[in-house]
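*Asks:* sharing a model that was predicted from the sequence below.
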Amino acid sequence: MAPKTALPHSRNGVAPRKRSPEPRLSIQAPELQAFGTLRDLPISLPSKARSGSCRLLNEILADTMVLYAMYKKHHWLVAGPTFYQLHLLFDKHADEQLELVDLLAERVQSLGGIAVGDPRQAAELTSIERPPDGAEEVSVMLDRTLRAHETILTKVRRAIKATEESEDWGTNDLLMSDVLRRHELQVWFLAEHVVDLPLVGA
């Protein structure tokens, strides 16, 4: 009588997958969670409040991703007598906007939502005007960036009011303490560059 072949060790009646050093390519599966839906996280906040906050945050997040890219483009293309100062300032502001991207996205996730993550989706959702693909004069760059800040600040102020009404204090604090104040400070730094004062003399 032939000896019985030992069955591979299984857990819950399921045989383990055969191990292989080959990469698993072309893996396909349905989405785990659709954009615009919520997971039920026990954070003591009603789903209506969480859903509303996620929608507002994602609008601001999309605009912030676009503003970050705008700052990087201006950092690369700025030219003229103020090149060095603005080259550094634009890059500093870009880094600070990138920090806001992460804070906004993580807040959406902590509310049980799905954060905008693809730049192409951000481009579909943003209300910031698309600039030309080429280079622009410094004064136009500054004006365009100031208007982008104002677009975001308008949404941020609306969202602060909405999250106060829904008692979503976590989102409210993020928008007021981090997002609003960061944008207002960056606007000040930019606006001082378009004051019409001579370089020398009075």
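*Replies:* Thanks, I have it.

*Asks:* C-alpha only now, for contacts and for neighbours.
*Replies:* Will do.

*Asks:* remind me, longest helix of this structure?
*Replies:* helix 47-77 (DSSP state H).

*Asks:* which element follows that helix toward the C-terminus?
*Replies:* helix 83-110 (DSSP states H and E).

*Asks:* list the buried residues in that next one.
*Replies:* 86-87, 89-94, 96-98, 100-101, 103-105, 107-108, 110 (16 or more other C-alpha atoms under 10 Å).

*Asks:* give me the mean pLDDT for the very next helix or strand once past that helix.
*Replies:* Once the chain leaves helix 83-110, the next helix or strand it forms, by DSSP H and E, is helix 119-125. Average pLDDT, helix 119-125: 95.

*Asks:* so what's the residue count around Leu41?
*Replies:* 15 (other C-alpha atoms under 10 Å).

*Asks:* for it, give me its contacts.
*Replies:* Leu111, Gly112 (C-alpha atoms under 8 Å, 6 or more residues apart in numbering).

*Asks:* how close does it get to Val108?
*Replies:* Here Leu41 is placed at a distance of 12 Å from Val108 (C-alpha to C-alpha, to the nearest Å).

*Asks:* show me what the helix or strand containing Arg181 is packed up against.
*Replies:* Here Arg181 sits within helix 181-191, counting by DSSP H and E. Contact analysis of helix 181-191 by 3 or more C-alpha pairs under 8 Å, 6 or more residues apart in numbering; DSSP states H and E lists helix 138-165 as its packing neighbours.

*Asks:* so for the helix it packs on, mean pLDDT?
*Replies:* pLDDT averaged over helix 138-165 gives 97.

*Asks:* helix or strand right after it?
*Replies:* Downstream of helix 138-165, the first helix or strand assigned by DSSP H and E is helix 169-173.

*Asks:* ok so, going back, what residues does the helix holding Arg181 touch?
*Replies:* By C-alpha under 8 Å, 6+ apart, helix 181-191 touches His93, Glu96, Leu142, Leu146, His149, Leu153.

*Asks:* what do Leu41 and Val108 both touch?
*Replies:* With C-alpha under 8 Å, 6+ apart, Leu41 and Val108 have no common neighbours.

*Asks:* surely Ser44 forms part of a helix?
*Replies:* No: assessed with DSSP: H, G, I helix; E, B strand; the rest coil, Ser44 is coil; it does not lie in a helix.

*Asks:* run a quick neighbour tally on it.
*Replies:* Counted with other C-alpha under 10 Å, residues neighbouring Ser44 total 7.

*Asks:* do the same with Ser51
*Replies:* Residues near Ser51, counting by other C-alpha under 10 Å, number 18.

*Asks:* excluding chain neighbours, give the residue nearest to Lys155 in space.
*Replies:* Ile60 (6.8 Å; C-alpha to C-alpha, 6 or more residues apart in numbering).

*Asks:* that's all I had, so thanks and see you.
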